[in-house]
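Trainee: With the sequence up front, the predicted model follows.
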Amino acid sequence: MPSNQENIEAKLAAYVDGELSGADREEIERHLTANPQHRKLISELMQTSAMLKDLPHVQAPADVLDSLQSQLERSALLGRPEELSGDETYKIGFWTQFRAIAAILILTIGLATVVYFVLPRNAPNIELATKDSPPVTVEETAKPDVAMRSTTLPMEMHAKNAGATGGADELRKDSVVAAAKGGFALEPKREENDLVPPDIRRQLALNGVGDDATFIIVDTANAPLANATVSNYLNYNRATWEQMPISHGETENLIPSPVQALTNAGQVADDLRRGANRYSPQQNVTSADNIASNAMEQQASVQQRATIPGSQMDLSQAVPSPVVSQQAIQNVTGNLIVARRLNRTQIAELNGLLNQQSVGKVSNFSRNGQERQTELPNLPIQTSTASGTIAPGAVDPLARLKIGDTVRLTFPDPTAANLSFTLQIDPIGNLKLDDVGDVPVVGLTLSELNQTLVAKYRDAHVDKPVPLASEIVDAIEIPSGTRELHGVQDLAPPASAPAAEAPVGGLSAQTAAAQNAPVQEAVSQNEQLQSTPPANDQPTDVVVIVREMATNQQFQTDQAMPAAPGEADRTTPVEAKESPSTAPSTAPTTAPTTQP
Amino acid sequence: MSSLSRAHDEFDPSAEERSVGARGADLLRRAQAGDRAAFGQIVQHFQDRLYNTILRIVGEPEEARELTQETFTKALAGLQDFRGDASAYTWLFRIGVNLAISQLRKVQRRRTFSLDARLSNGRHDDDQASSLLDRMAETRGESPDEVLLRKERQEKVIEALGRLDAEYRAVLVMRDIEGFDYQQMADVLGLNLGTLKSRLFRARLAMRDELKEFLKQ
């Protein structure tokens, strides 16, 4: 029942709208006549109503119908017309809630199970040593109850070592195998990417290096020589490559030395012994005992081999004094050379070139830490002069041509043998070549000269498969037709080649007829390799890690290593120190040696 | 006053409703029978007026768009429950206006409306208002000053409307802007006629207080 006030307000509203009639309207009119102030109010209400009516009408956005249409289509496709029902959309039934809760619980329990039983345990707290850490002695590494420190392993490697319940066996296995291979103590079984420190890994990843990359690690006292050797070879092959620096910390973490590996084993054992793994203390003690025992066995094994004359590793050098090792590490500098998509043959050639240039200790690894020495024979790369063949490294690859030098170019292809000739660099620094014109060569290294000439002849003989070789540098082939360019190859000088001296870059060429036999052997091996390429010769990225040591003592710890290029004793490429069972059958046991 | 009435006659919703009323009922029956195309035509027929009503109540174009869409969604979902005891027009606006009022109650706010902001928020607003003002100026032979004055007054009206309670806004918009009759308004708002008219009177009083400076003495 409306109140009287509401009734009056209703009549006034209708009067304002002009919808009041009859007695009610007359009643209002009489009231307004008697009360002019109320007439003024009614007038203002009418004006208010008129102002509202004056507001513009706004059209709906065009997408209202489209959005609705999309929603209808979606519900039709999903067969869920209930989506359109307003309130029901937001209602969740009891069974739906129950199923959701059950699913969450099952997932949680499952995840917890996976985390507990499958994933590695948490790593114990590990005290990482700094360069100021006291040196570690061999004796200390053999004592599992002594807290040991490592200057070589990144933290995550420690963590994995400590976390793996089978780490002891893996550690023993890998370390022993590595030791038998002559100087490298590999880490315990690594997951992929563990070989490379995280910083370098990130750096490589940013540069798009593939996971199947091959790593060639060069410990050298002459980083420029190593870099030049690699870059020259890559340029020969027109490979895409780039050189980039790596920081000090990255190089020192790269590869642990034998003593460091044993230190790591002791560290792991000690960490486990302290019961850092809270999930399975008993298991930890057992693992710690195993690891410690293994570490002691390895140490004893190393010491035993050291006492055997002629053994694969001389302990007096293989296990350096900690002070020396520390000093060497502190002086490490290095860089990376990333080469794209080299095939297996090229990797082998690069490996062999590095070894025979005696730039330092060369090792091949896949990224997952497997040593590839057995897969990659070191192809003996021969250099030759106009007077014959000389040993690799006898000609300084960094020597620069100068005006007046004489070079001899040969075309080893039997059909083009008579094209060989000797030419002197003219006074303005050019070689005047009939086929390709004047070629400025002053200032080039031998390899750069060869590269330049190959490019010139390649351009000039597109349709003529004429292999080119320069006798004063590595002889190479020009690719033609379907033949693949393998880069630097062994090519014996033509039988008719003159034996005259050809001074190049200030270096005297040497006659070395006595070297022909090993050279021919090497040629035969290379030809065999090239004629029967490996079945799985997929190109891979290659990362050459050049670590330059300020002292040579680090090298002496691992293998008999020439102190610097140019020394007489160059007969110890890596494979020469391989055990017979691991050395490649095609690799020569000795390399030709010729030195003035 | 008469000129304003003439201008408003061009958008007289009652006239439009009458013209589409019969067709609306037919479309509604077809939609109930499962003809989605018929429902699409209902949307096309009523979306502008529904949107304008909701916009004047909530004040925000984007919010009005969402509420308009939600109105049609709910209408479609409840299509089979509609028994034909009201027109399609009333039925849709019952959903839309109540959504708008609920939204305003939910956020517990009183917005200060700005015509400039409103115009800048939507192309439709701007185009529509501009074309309206231009057309009105042409029709009435108003000077630019008069057009400017009208625009300013409209801004003040919208701002004043935004300062009212949701229920007052709803009745003013439905009656004075959309031209609902009392019975339709009562159906939409679920009020009896006396209560509706009383609320309308009070709403106008409140609006009059807000617009006092523009009212002729």
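Mentor: Perfect, I can see it now.

Trainee: Excluding chain neighbours, what is closest to B:L50?
Mentor: By the measure of CB to CB, 6 or more residues apart in numbering or on different chains, the closest residue to B:L50 outside its immediate chain neighbours is B:G96, 5.0 Å from it. C-beta: built from backbone N, CA, C; applies to glycine.

Trainee: Counting neighbours, what do you get for the one you found?
Mentor: Residues lying near B:G96 (other CB atoms under 10 Å in any protein chain shown) number 26.

Trainee: wait, what's in contact with it?
Mentor: By CB atoms under 8 Å, 6 or more residues apart in numbering or on different chains, the residues touching B:G96 are B:50, B:53-54, B:67-68, B:71.

Trainee: Please narrow these to those residing in helices.
Mentor: Secondary structure from DSSP state H places B:50, B:53-54, B:67-68, B:71 of the contacts of B:G96 in helices.

Trainee: So which of these is the closest to chain A?
Mentor: B:T68 (5.6 Å; CB to the nearest CB).

Trainee: B:I95 and chain A, how far apart?
Mentor: 9 Å (CB to the nearest CB, to the nearest Å).

Trainee: Show me what the helix or strand hosting A:R30 packs onto, helices and strands only.
Mentor: Assigned by DSSP states H and E, A:R30 belongs to helix A:22-34. Under the contact definition 3 or more CB pairs under 8 Å, 6 or more residues apart in numbering or on different chains; DSSP states H and E, helix A:22-34 sits against helix A:4-17, helix A:36-53.

Trainee: lowest-pLDDT helix or strand in chain B?
Mentor: Least confident helix or strand, chain B: helix B:2-9 with a mean of 34, by mean pLDDT, DSSP states H and E.

Trainee: List the contacts of the spatially most central residue of chain B.
Mentor: In chain B, the residue lying closest to the centroid (CA atoms, centre = their mean) is B:T53, at 2.1 Å. Shown in contact with B:T53 (CB under 8 Å, 6+ apart): B:93, B:96-97, B:100, B:173-174, B:177-178.

Trainee: pLDDT score assigned to the residue nearest to B:L50?
Mentor: Note for B:G96: predicted pLDDT of 94.

Trainee: Check A:M46 too.
Mentor: Confidence score, pLDDT, at A:M46: 92.

Trainee: pretty sure it is in contact with A:Y15, am I right?
Mentor: No: the criterion here is CB atoms under 8 Å, and A:M46 misses it with A:Y15 at 9.3 Å.

Trainee: between those two, who's got more neighbours?
Mentor: A:Y15 (22 against 18).

Trainee: count of neighbours near the closest residue to that one other than its chain neighbours?
Mentor: Using CB to CB, 6+ apart and skipping the chain neighbours, the partner closest in space to A:Y15 is A:I28 (4.9 Å). Applying other CB under 10 Å, we find 20 residues neighbouring A:I28.

Trainee: Over to A:F421?
Mentor: Residues near A:F421, counting by other CB under 10 Å: 12.

Trainee: got it, and B:R23?
Mentor: B:R23: 13 surrounding residues under other CB under 10 Å.

Trainee: do the one 10 residues further on as well
Mentor: By other CB under 10 Å, 10 other residues sit near B:A33.

Trainee: And it, how close does it get to B:Q80?
Mentor: Using CB to CB, to the nearest Å, B:A33 is found at 10 Å from B:Q80.

Trainee: again with B:Y182
Mentor: 29 Å.

Trainee: for A:V546, same thing?
Mentor: On the measure of CB to CB, A:V546 and B:Q80 end up 80 Å apart.

Trainee: When these two are compared, which one has more neighbours?
Mentor: Neighbour count, other CB under 10 Å: between A:V546 and B:Q80, A:V546 has more, with 28 against 11.

Trainee: wait, A:G404 sits on A:G429?
Mentor: No: using CB under 8 Å as the test, A:G404 is too far from A:G429 to be in contact (9.8 Å).

Trainee: Could you check which of those two has the larger neighbour count?
Mentor: A:G429 (18 against 12).

Trainee: Chain neighbours aside, what residue packs nearest to the more buried one?
Mentor: A:V442 (3.4 Å).

Trainee: give me the low-pLDDT residue ranges for the stretch 301-450 of chain A?
Mentor: Where the stretch 301-450 of chain A drops to pLDDT under 70, the residues are A:301-333, A:356-360, A:364-400, A:410-420.

Trainee: Tell me where chain B has helices.
Mentor: B:2-9, B:13-32, B:36-58, B:61-77, B:88-107, B:115-121, B:123-140, B:144-162, B:166-172, B:182-189, B:193-210.

Trainee: Enumerate the positions of the fifth one that are buried.
Mentor: Residues of helix B:88-107 classed as buried by neighbour count (16 or more other CB atoms under 10 Å in any protein chain shown): B:88-101, B:103-104.

Trainee: with these in mind, which one is nearest to A:L336?
Mentor: Distance to A:L336, by CB to CB, is smallest for B:Q103 among these, at 62.8 Å.

Trainee: check contacts around the closest one.
Mentor: B:58, B:63, B:67.

Trainee: tell me the pLDDT at the first one?
Mentor: Put plainly, it is B:V58. B:V58 is given a pLDDT of 90.

Trainee: ok, now the last one?
Mentor: Model confidence at B:L67, given as pLDDT, is 93.

Trainee: just to revisit the earlier point, reformat the contacts of B:Q103 as JSON lines; add distance to A:D66.
Mentor: JSON lines is the format used below for those (distance: CB to CB, whole Å):
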{"residue": "B:V58", "distance to A:D66": "21"}
{"residue": "B:E63", "distance to A:D66": "18"}
{"residue": "B:L67", "distance to A:D66": "17"}
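
Trainee: Surely B:K197 touches A:Y15?
Mentor: No: in terms of CB under 8 Å, B:K197 does not count as a neighbour of A:Y15; the distance is 10.1 Å.

Trainee: Skipping adjacent residues, who's closest to B:R65 in space?
Mentor: A:P61 (5.2 Å).

Trainee: no, scratch that, I was asking about B:M207
Mentor: That would be A:T48: by CB to CB, 6+ apart, it lies 4.8 Å from B:M207.

Trainee: B:A25 versus the one you found, what's the distance?
Mentor: 34 Å.

Trainee: just to revisit the earlier point, please produce JSON lines containing the ones in helices among the contacts of B:G96, extended by distance to B:E155.
Mentor: Listed next are the ones in helices among the contacts of B:G96 as JSON lines, based on distance: CB to CB, whole Å:
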{"residue": "B:L50", "distance to B:E155": "23"}
{"residue": "B:T53", "distance to B:E155": "19"}
{"residue": "B:I54", "distance to B:E155": "20"}
{"residue": "B:L67", "distance to B:E155": "23"}
{"residue": "B:T68", "distance to B:E155": "23"}
{"residue": "B:T71", "distance to B:E155": "27"}
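
Trainee: Please convert the buried members of the residues you listed into ChimeraX selection syntax.
Mentor: Of the ones in helices among the contacts of B:G96, the buried ones go into a single ChimeraX selection, burial set by 16+ other CB under 10 Å:
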select /B:50,53,54,67,68,71
